[in-house]
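Student: Sharing a model that was predicted from the sequence below.
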Amino acid sequence: MGETISTSSQLVPDVLATLAQLPNDEVFTPPHLVDSMLDTLPKEVWTNHTYRWLDPATKSGVFLRQVAQRLMVGLSSWETDPLKRREHILKNMLFGAAATSLAGELARRSLYQTTDATGKSIKDASIKSLVVAMDDPNGNIHFVETEHTIKKGKCEICRAPESLIRDRRENFAYSFIHKTYPTKEMQDMKFDVIVGNPPYQIGMEDSNGNRTANVTPLYNLFVDQALALNPRYLVMITPSRWFAGGKALDDFRSRMLNDRRIKEIVDFANGREIFPTVNVEGGISYFLWDRDYQGDCLFTQMSDGQIVSKARRDLRDGKGVILRDNYASGIVKKISSDPDSKGSLAESFSARDPFGQSIKTNFKDSKPEPFNDSIPLIYVNKVGFITRNQLQRNHDWVDHWKVLLPKAYGNGSNQDSKQVIGEPIALAPGSACTQSYFVAGRFITRQETENFARYLTTKFVRFLVAQRKISQDITQSRFLFVPGLDMTKTWDDPTLYKKFALSSEEIAYIEKSIGDRDWIDSLDSPIPATHLPGGRKYKAGEAPVEADEDEDDE
């Protein structure tokens with residue numbers, strides 16, 4: 001390990017940078033990203049020889065390696081002998097919980113230059129003299145064999161399904177979140193700085209390699225356990241979905257938003273900027289948690305490798321989510337302070353199953369043709385016919401004027417979809433819908449129904465929805481920033497901009513951010529023509545795609 005690192009003159013590709021480009025469920029972190037994360041830490045960490053560092057999910061060893069390189073420079077005045085300095089760093093300061101046994105070998109090779117940390121396997125004397133000989137072949141990077149605690153078909157700690165972990169070489173029981181690391185021998189050890197890129201989820205494939213629907217996040221468990229160790233600093237990279245959604249992440253998000261020790265967040269809306277071969281829906285971010293800090297968070301937006309904006313903000317201002325757009329947060333704050341507000345549009349939305357849990361997106365028990373006393377059932381791409389008795393609830397809604405809104409739209413990236421939501425359908429009374437749709441609003445007049453559908457298509461409304469939308473899913477909570485207005489009136493963007501006193505700069509920002517959006521006019525029929533044979537939505541015999549069960553709070 002040298003005294004200085006030169007990246008500009010490096011001719012041989014970094015093997016860890018190469019690994020970071022490979023498609024794999026265990027995403028390897030590129031060294032340049034690790035360096036950016038480490039840059040958020042205060043300078044004093046690099047000159048304190050008493051600190052202990054932990055990577056709780058070591059994969060390639062890149063975090064520990066980059067930390068070691070910085071400490072070699074930062075501790076040079078404390079210990080001038082580079083060999084003694086390196087020995088102290090490797091033996092006393094750097095620790096890792098390997099994510100898998102193979103990852104442990106790779107990390108040891110990266111940090112110690114050998115998979116056997118004792119150095120006994122090295123025969124070349126010239127190389128052996130450069131290796132810090134550890135007492136344990138694992139050094140300070142241990143893979144701790146851990147078992148899941150299975151109850152009712154899944155692990156009660158990490159919720160991993162039993163069917164997934166059966167017959168696998170690695171059982172996905174990560175020692176750090178199952179509290180088998182630190183080991184008993186290390187229980188009294190205090191970690192000052194915890195850094196890493198934890199596994200994001202479990203459940204992408206079953207034991208036969210088939211994709212599963214039961215995708216369960218894991219990164220939040222790593223964050224929680226790291227905080228439970230009460231380090232001085234925690235720097236961790238995670239998917240950004242927790243900002244506004246994510247399966248079973250409500251409590252985690254609430255804790256994070258209300259934790260005033262989160263000093264900095266750096267957010268990449270397009271996760272492929274840093275993990276080009278992996279599509280992490282909703283983007284990627286990393287954060288710095290500082291035990292002794294109390295205050296607002298410095299939020300940095302990144303795009304195409306450039307800083308879009310930086311702002312110090314109170315994360316609690318987002319009504320339960322983190323706003324990813326610093327400029328937009330000011331617009332939201334202005335609109336939310338309107339004294340004439342009649343509450344939030346979210347209050348008018350139905351539950352995610354407006355006519356009952358059994359009326360699913362791919363409901364099987366409808367007929368293709370109408371029959372005596374039947375009612376139309378609107379699917380995402382066709383119309384079926386059922387009896388009212390097949391509905392489990394809200395039977396009277398059939399006779400209301402309604403506006404339906406697709407439950408999912410886009411791929412989770414606001415950069416890729418300027419429409420934000422799907423086309424609202426304004427429906428005459430007389431039909432129901434599957435769980436492909438929310439009933440976004442119900443009315444007693446045709447005019448109110450049309451006005452509401454038009455309101456949903458305004459750039460004003462969709463801009464506010466976009467601030468809470470981090471995946472394809474449309475939920476009630478996405479509309480919490482949208483003001484409820486009198487639907488006996490007609491609303492368009494110029495009228496709304498004037499009502500909420502938006503500046504010319506704010507209007508221009510909204511107009512640039514959001515594209516046009518149509519609505520489907522079925523005010524003369526309970527069956528939208530778009531969903532009938534010949535209509536642009538109609539796809540005969542094709543099963544609709546179930547939306548990802550992301551879900552946050554509905």
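Tutor: Sure, I can see it.
Student: for the most centrally placed residue in the chain, what are its contacts?
Tutor: Geometric centre of the chain, nearest residue: Arg241, 1.9 Å, by C-alpha atoms, centre = their mean. Contacts for Arg241 were tallied using C-beta atoms under 8 Å, 6 or more residues apart in numbering; they are 217, 249, 281-282, 470-471, 550. To be clear about C-beta, it is placed using only N, CA and C from the backbone, and glycine gets the same treatment.
Student: How about the secondary structure of it?
Tutor: helix (DSSP: H, G, I helix; E, B strand; the rest coil).
Student: Which pLDDT value belongs to it?
Tutor: For Arg241, the model assigns a pLDDT of 90.
Student: try Asp317
Tutor: 87.
Student: cool, Gly305 as well?
Tutor: Gly305 is given a pLDDT of 87.
Student: For it, grab the count of nearby residues.
Tutor: 8 (other C-beta atoms under 10 Å).
Student: For it, grab phi and psi.
Tutor: Torsion angles at Gly305 (phi, psi; degrees, to the nearest 10) stand at phi 80, psi 0.
Student: So which of the contacts of Arg241 wins on neighbours?
Tutor: In these, the most neighbours by other C-beta under 10 Å go to Ile470, 28 neighbours.
Student: How is the nearest residue to Tyr293 once chain neighbours are set aside classified with respect to secondary structure?
Tutor: Distances taken as C-beta to C-beta, 6 or more residues apart in numbering place Lys263 nearest to Tyr293, at 4.8 Å, with adjacent residues excluded. What three-state DSSP gives for Lys263 is strand.
Student: where does this protein have its least confident helix or strand?
Tutor: helix 15-19 (a mean of 45; mean pLDDT, DSSP states H and E).
Student: Next, Lys151: phi, psi?
Tutor: With angles defined as degrees, to the nearest 10, Lys151 sits at phi -150, psi 120.
Student: Distance of it relative to Val215?
Tutor: Relative to Val215, Lys151 is positioned 20 Å away (C-beta to C-beta, to the nearest Å).
Student: One more: Asp251?
Tutor: 18 Å.
Student: which stretches of the stretch 51-200 of the chain form strands?
Tutor: 53-58, 94-98, 141-142, 150-151, 154-155, 193-196 (DSSP state E, counting those that start in this stretch).
Student: what about the nearest residue to Ile335 once chain neighbours are set aside, neighbour count?
Tutor: Closest residue to Ile335 apart from its sequence neighbours, by C-beta to C-beta, 6+ apart: Phe500 at 5.1 Å. If you count neighbours by other C-beta under 10 Å, Phe500 ends up with 18.
Student: Quick check, pLDDT for Phe500.
Tutor: pLDDT recorded at Phe500 is 94.
Student: List phi and psi for it.
Tutor: According to degrees, to the nearest 10, Phe500 has phi -100, psi 10.
Student: mind checking how far it is from Ser344?
Tutor: Between Phe500 and Ser344 the distance, using C-beta to C-beta, works out to 14 Å.
Student: got it, and Leu257?
Tutor: In terms of C-beta to C-beta, Leu257 sits 18 Å off from Ser344.
Student: And for Thr58?
Tutor: Distance from Thr58 to Ser344, counting by C-beta to C-beta: 44 Å.
Student: Next secondary structure after the least confident helix or strand of the chain?
Tutor: helix 31-38 (DSSP states H and E).
Student: Show me what counts as buried in stretch 367-384.
Tutor: Within stretch 367-384, the residues scored as buried using 16 or more other C-beta atoms under 10 Å are 374-384.
Student: which regions of this structure sit below the pLDDT cut-off?
Tutor: Scanning the chain for pLDDT under 70 picks out 1-27, 164-170, 203-214, 339-341, 411-416, 540-554.
Student: Which residue ranges of it form helices?
Tutor: Per DSSP state H, the chain carries helices over the ranges 15-19, 31-38, 62-74, 82-88, 101-112, 125-128, 162-165, 219-228, 250-257, 326-336, 446-457, 459-466, 493-499, 504-513.
Student: who touches the residue of the chain most remote from its centre in this structure?
Tutor: Distance from the centre of the chain peaks at Ala125, with 48.7 Å (C-alpha atoms, centre = their mean). By C-beta under 8 Å, 6+ apart, the contact set of Ala125 is empty.
Student: now it: how far from Asp251?
Tutor: Ala125 is 56 Å from Asp251, by C-beta to C-beta.
Student: again with Gly320
Tutor: 12 Å.
Student: These two: which has the busier surroundings?
Tutor: Ranked by neighbour count (other C-beta under 10 Å), Gly320 and Asp251 place Gly320 first, with 15 against 10.
Student: Make sure that one is actually in contact with Leu480.
Tutor: Yes. With contact defined as C-beta atoms under 8 Å, Gly320 reaches Leu480; the gap is 7.5 Å.
Student: which residues sit against stretch 299-307?
Tutor: By C-beta under 8 Å, 6+ apart, stretch 299-307 touches 264-270, 273, 308-313, 322, 324-326, 415.
Student: still on that earlier bit, so Thr58 and Ser344 - more neighbours on which side?
Tutor: Set Thr58 next to Ser344 and count neighbours by other C-beta under 10 Å: Thr58 wins out with 29 against 19.
Student: Please list all residues in contact with Leu404.
Tutor: By C-beta under 8 Å, 6+ apart, the contact list for Leu404 reads 378, 424-425, 427, 433, 437-440.
Student: Could you report the distance from it to Arg517?
Tutor: 15 Å.
Student: Go ahead and confirm Ser101 touches Val144.
Tutor: No. Between Ser101 and Val144 there is no contact under C-beta under 8 Å: 9.9 Å.
Student: Among these two, which residue is more densely surrounded?
Tutor: Neighbour comparison, Ser101 and Val144: the larger count goes to Val144, with 18 against 13 (by other C-beta under 10 Å).
Student: Name the nearest residue to the more buried one, ignoring sequence neighbours.
Tutor: Distances taken as C-beta to C-beta, 6+ apart place Ser175 nearest to Val144, at 3.8 Å, with adjacent residues excluded.
Student: Please verify my assumption that the one you found contacts Pro182.
Tutor: No. Ser175 lies out of contact with Pro182 (C-beta under 8 Å); the separation is 9.0 Å.
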